Structure formats: C-alpha cells, structure tokens
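Q: Just to be clear, the model below is a prediction. Sequence and coordinates:
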Amino acid sequence: MAFNPLEQRGIPLDRQLRSWRELNVDPIDPDHCDPYTRCRIITMNGLEVEAILFSHQLARHTPDPEVKRQLARTRYIEAQQQKVVNWLLPGVSSVLETTIAYEQVAVDLTAWVARMEPDPYLKQAYQFGVLEDFDHLYRYANLYEMIEHRKAESIVDGLTEVMPGRPTRFHHRDPVDNVRDPYARDRTDPLSKLHALTIMSAEQQTMNFYMNTGPTYMEPIARQLYQEIGLIEEEHVTHYESLVDPGETWWEQLVNHEYNECYLYYSFMEQESDPKVKAIWELHLNMELEHLHTACDLMRQHDGRDPASVLAPELPNVLTFEPNKGYLRELLATQMDLTTLGAGYVREAHERFERMQEQIHGGEAPPSDRVITEHDEMFGREYRVQSEGEHPDPTQREK
C-alpha cells in the first residue's frame, strides 16, 4: 500500500520529549544480531546526525528568532532520536569492529542505491564510490586480524564479501576532480534526491568517525591506515555532496531532510527482524512525520511554495539492506581502473592524478598497501572472504 508522509500525522511535537529512562535503551547483542540490523542502526545514526547539523546551519543563517526557536524545538527531539539510535550499538564492540560494520554499510547501502538509481550520471557516481568502500572493508579486515586476531566474517556474516576493490592507493585524487555535477532540482526524479542525501549522510558520518577514532590506537599501522582512509572519506563526502543541486532553498532542503528520514525509518521498520529495534523505528517514524509537517509549514511561510511540488507524492519502494555480491562482482570486473577527471570518469592516469599520487605517496608504499604486506608476513597470506569464487579481476587474485 502506498504511504504518503504528507497525508499522515504523527505524534504531536509537545508529546515527543522522552526521559532518561526512555532514552537508555538496551544495545543489540553483537554476537547474535542480524548484521543488517547493525547496518540499519549505523545508517539511521548518519541520517540523524546530518539532520541535526543541517538544522544548526540553517539556524546560523536565518535572522528570524521565531524560526530559530522552531528549529531548536525540533532539533532537540532529533538529538534524542540520535542518542537512542546510536546507543543501540554495543559498548563491547571495539573501534575496529564498528569500523568494519561502517564499511559494510557503505558497501551494501551504496550498491543498493546504485542498482535503484534512475539517473545514469548519478548511478555512475555510486558505482564509482562503492568500489573504494569495498577496498576499505578489505584493508580494515586485514588490520582487524592483525591487531585483534579475529576474523571479519564474524561481523559481515557471509552477507558481504571481503576482497580487494579499487586499490586504496589510487583513491587519492586532486581535490578538483572530486567535484561532480549536481542533479537539476526541477527535473530530477524525487528518488534521486533521497539517494543523494542518504549516501552523503552515511559517508559524512564515516568521515567524522575516522577523524575522531583514528588516533585512539597505539599501533602505528592502525593510526596510519585510519589517517589514509580518513582522507579518502573527505573525498567521498565532496563527491556525494556535490551531487545535490545548490539551487535548492534552505526550506526545500529542510523538507527533503525530514522526508528522507520518514523514508528511511519506514523502510527499516518494514524489514527489521529485531522486535525491540523495530519498535524504535516505528516510534521515530511517527515523530518524523510531525517534523516533516513542521518543516512544510516553514516552507509555505518563508518560501511561498507548496512542499508537494518538490516531494514525491508517496514513498518509493523501501530501501533494503541485502547482499549485492553479484552486482559488486560485475563492477569489479569492469570499473576497477576508473578515476575521475573534472566532473567525469576516465581510465587513463592523467597529469593531475599522477601529480597527486607523487605528492601524497612520496615514492613510499601507503599504509593501505603495508597493512596487507604486514598481514601476509604475520599469517602467511592475506585475509579474504570470497564466497562466490575467485576475484573477477585476474590482477587482484591471490598469488
């Protein structure tokens, strides 16, 4: 049945405030939960953090004190939602275990979006990025076995393969070549707006996570790997945020944010296997419906437009966490050698790319290469999970 958030009323805003007792949710059991439950939690945390940060930016750019007060009211509830969602993650998980889960999110969320994206240019942007996150998962999985002597298969649980993607050393590009062309807000499919906002939010939270957790390790190779991949996450946020049309007004962006949260909470409620977590998705959806109506009122008042003119008339098919092994293998077989030039993609190593490579690596092997070398020296092999057979690219097969 079609679900139109604009026609649904949620919990009134003045009834959404929760006590400490209600916020103090029990975390999931990392040893017995569905790995995609953890992925949904990480994704929704990214969406909530983006909603909070965007609201703060809007508040800093409006002189209207009543708008500031209205944003503050909604934002405080969003902050409570973010705490509940992120606190579902168990404290017993190490930073590296959470990192591997973040990269599983990046792989399977971006792959699904790439499969469903109707715009060919936007689809290519997601296809390009997912092969880099796929390689990050492989590098961190090798580091995980080196440092904690545990295997990443206990986290990804056979749902996502672990093997080389586009080698991380080739992800370092001249910053100007990370900027893509935006979609046209008046012509693009509403689903494309949701996709761009979702992947931007997910990558932004990964960038922030690595910024703050990287130096918490003592092992030099771990500190260096987080530093290297953290810089690439900065590139990814640039890559994805530039897809959003900068011509969207603040109010248009506000309703897009709230609509997208409704879409994700509804999607995850529909597929969640953990009853306790499912109840949180349902509760937060009913809160977000009211946040959306508040944002729509602000758009009508300050933008003079009906939000229905920019939003989808009903939610698209639910966003689904599911294995994407076959799709990823197709990309591994055909797009490993791509890089970017301007707003497009090329296969040759052009002058700006080569200059950046020389400057950043300085003739030395980067941490992403050395972690594989050191793992091989320690265990006599590298760590992989290849449930569907050999690597599609013959140059990336184990020697």
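A: Now that the structure is in, tell me what you want to look at.
Q: Check the secondary structure at Tyr259 for me.
A: Each residue gets one of three states, and Tyr259 gets helix by DSSP: H, G, I helix; E, B strand; the rest coil.
Q: measure the nearest residue to it once chain neighbours are set aside to Thr62 for me?
A: Counting by C-beta to C-beta, 6 or more residues apart in numbering, Leu311 is the residue found nearest to Tyr259 once chain neighbours are left out, at 5.3 Å. Backbone N, C-alpha and C define where each C-beta goes, glycine included. According to C-beta to C-beta, to the nearest Å, Leu311 and Thr62 sit 21 Å apart.
Q: More neighbours: the two, which one.
A: Leu311 (25 against 15; other C-beta atoms under 10 Å).
Q: Assign the spatially closest residue to Leu159 that is not a sequence neighbour to helix, strand or coil.
A: Nearest residue to Leu159, sequence neighbours excluded (C-beta to C-beta, 6+ apart): Pro323, at 5.0 Å. The local conformation at Pro323, judged by three-state DSSP, is coil.
Q: Over to Ile11?
A: Classified using three-state DSSP, Ile11 is coil.
Q: outside of stretch 290-300, which residues touch it?
A: 5-6, 9-13, 16, 67, 70, 74, 77-78, 251-252, 254-255, 257-259, 261-262, 305-307 (C-beta atoms under 8 Å, 6 or more residues apart in numbering).
Q: coming back round to it: the residue nearest to Leu159 - how many residues pack around it?
A: Pro323 has 18 neighbouring residues, counting by other C-beta under 10 Å.
Q: Is it correct that it is in contact with Asp108?
A: Yes: using C-beta atoms under 8 Å, Pro323 is in contact with Asp108, at 7.2 Å.
Q: Find the residues that touch each one of those two.
A: Joint contacts of Pro323 and Asp108 (C-beta under 8 Å, 6+ apart) are 159-160.
Q: so who does the residue nearest to Tyr259 touch?
A: So Leu311 contacts 6, 190, 255-256, 259 (C-beta under 8 Å, 6+ apart).
Q: buried subset of the residues you listed?
A: Those of the contacts of Leu311 that meet the buried threshold are 6, 190, 255-256, 259, by 16 or more other C-beta atoms under 10 Å.
Q: mind listing what the residue nearest to Leu159 touches?
A: Residues near Pro323 by C-beta under 8 Å, 6+ apart: 108, 159-160.
Q: Which single one of these is nearest to Lys83?
A: Proximity of the contacts of Pro323 to Lys83 was ranked by C-beta to C-beta; the top entry is Asp108 with 25.2 Å.
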